[in-house]
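In: Give me the fold of what follows.
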Amino acid sequence: MKRDIDLAEISDGKFYTLNDMVKADCQDCTGCSDCCRGMGESIVLDPMDIYRLCQGTGLSVAELLQDRLELHVVDGIVLPNLKMQGEEEVCSFLNKEGRCSIHPYRPGICRLFPLGRIYEEGGVKYFLQVRECSRRERTKIKVKKWIDVPESRKYEQFIVDWHYFLLAVQERIQQMQEEEFEKKANMQILTAFYLTPYNLTEDFYSQFYGRLQETENHLL
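Out: You can find the predicted model right below:
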């Protein structure tokens with residue numbers, strides 16, 4: 001997603017890599033669920049998030065879209081996000097005890113928080129958001145341990161490839177300036193990466209990159 005932000009205002013002024021230590025660990029968030037409330041449409045899901053949610057919950061994307069997820073436009077592309085519910089805008093996966101019911105397979109944005117990502121020169125760097133987490137007594141933890149995803153380098157490359165693919169599609173839509181192409185692009189992305197079920201017993205990455213190659217051939 002494209003965001004016009006001033007890192008000097010929201011971060012500690014440092015960039016981190018997977019092997020760096022960062023002051024992000026809030027000791028299991030005990031007694032706090034502030035970041036699971038009032039997030040609007042900001043918890044956007046990538047294809048791996050969908051793969052893991054379906055794997056963890058046993059539900060299909062169609063079933064998740066009934067009351068747990070919703071679709072909205074992000075920089076011209078229709079993508080799913082976690083749905084906030086009720087007057088307090090509570091995450092649909094937050095349980096009555098104020099704990100995340102999908103913590104082992106929570107989305108990438110949730111895993112990252114309170115870190116943020118910036119994409120540069122075909123790669124990614126991380127920064128610490130200093131105003132977002134209400135916890136002040138945080139301790140240092142290695143970035144890749146905080147994100148807690150197996151094969152962290154492979155995951156990071158996937159995040160980068162997905163980001164630049166979406167940027168390329170956005171640029172193509174702007175160049176074409178055709179409503180029919182925009183509809184086609186959005187439908188193909190939704191179908192290829194979200195609505196078509198993944199084989200949950202097989203490797204995610206091989207399935208993703210097969211779909212990515214096919215979709216790029218159609219759209220770019």
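In: Only C-alpha atoms from now on, for both contacts and neighbour counts.
Out: Fine.
In: any idea which helix is longest in this structure?
Out: Longest helix in the chain by number of residues (criterion: DSSP state H): helix 152-176.
In: That one - contacts with which helices or strands?
Out: Using 3 or more C-alpha pairs under 8 Å, 6 or more residues apart in numbering; DSSP states H and E as the contact test, the elements touching helix 152-176 are strand 123-128, helix 179-190, helix 204-219.
In: any idea of the mean pLDDT for that helix?
Out: The average pLDDT within helix 152-176 is 97.
In: So what touches that helix?
Out: Outside helix 152-176, the residues that touch it by C-alpha atoms under 8 Å, 6 or more residues apart in numbering are 1, 18, 46, 75-77, 119, 122-124, 144, 149, 181-182, 185, 205, 219-220.
In: now do 10 Å
Out: 1-2, 18, 46-48, 74-77, 108, 118-120, 122-125, 143-145, 149, 177, 179-183, 185-186, 189, 205, 208-209, 212, 215-216, 219-220 (C-alpha atoms under 10 Å, 6 or more residues apart in numbering).
In: Just the buried subset of those, please.
Out: Among these, the ones that count as buried by 16 or more other C-alpha atoms under 10 Å are 18, 46-48, 74, 76-77, 108, 124, 143-144, 149, 182, 185-186, 189, 208, 212, 215, 219.
In: so where's the chain uncertain?
Out: 1-6, 8, 135-136 (pLDDT under 70).
In: what's across from residue 124 in the sheet?
Out: Using DSSP bridges, the beta-bridge partners of residue 124 come out as residue 119.
In: ok, now which ones touch it?
Out: By C-alpha under 10 Å, 6+ apart, the contact list for residue 124 reads 15-18, 117-118, 156-157, 159-160, 163.
In: Let's see that with 7 Å instead.
Out: 117-118, 160 (C-alpha atoms under 7 Å, 6 or more residues apart in numbering).
In: Adding distance to residue 56, write the residues you listed out as a markdown table.
Out: Compiled in a markdown table, the contacts of residue 124 are given as follows (distance: C-alpha to C-alpha, whole Å):
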| residue | distance to residue 56 |
| --- | --- |
| 117 | 25 |
| 118 | 28 |
| 160 | 24 |
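In: Out of the residues you listed, flag the one nearest to residue 55.
Out: Among these, residue 160 lies closest to residue 55 (C-alpha to C-alpha), at 22.9 Å.
In: Go ahead and confirm residue 114 touches residue 24.
Out: Yes. Here residue 114 reaches residue 24: they are 6.5 Å apart, a contact under C-alpha atoms under 7 Å.
In: neighbour count winner among the two?
Out: Each of residue 114 and residue 24 has its neighbours counted (other C-alpha atoms under 10 Å); residue 24 has more, 24 against 21.
In: Lovely, talk soon.
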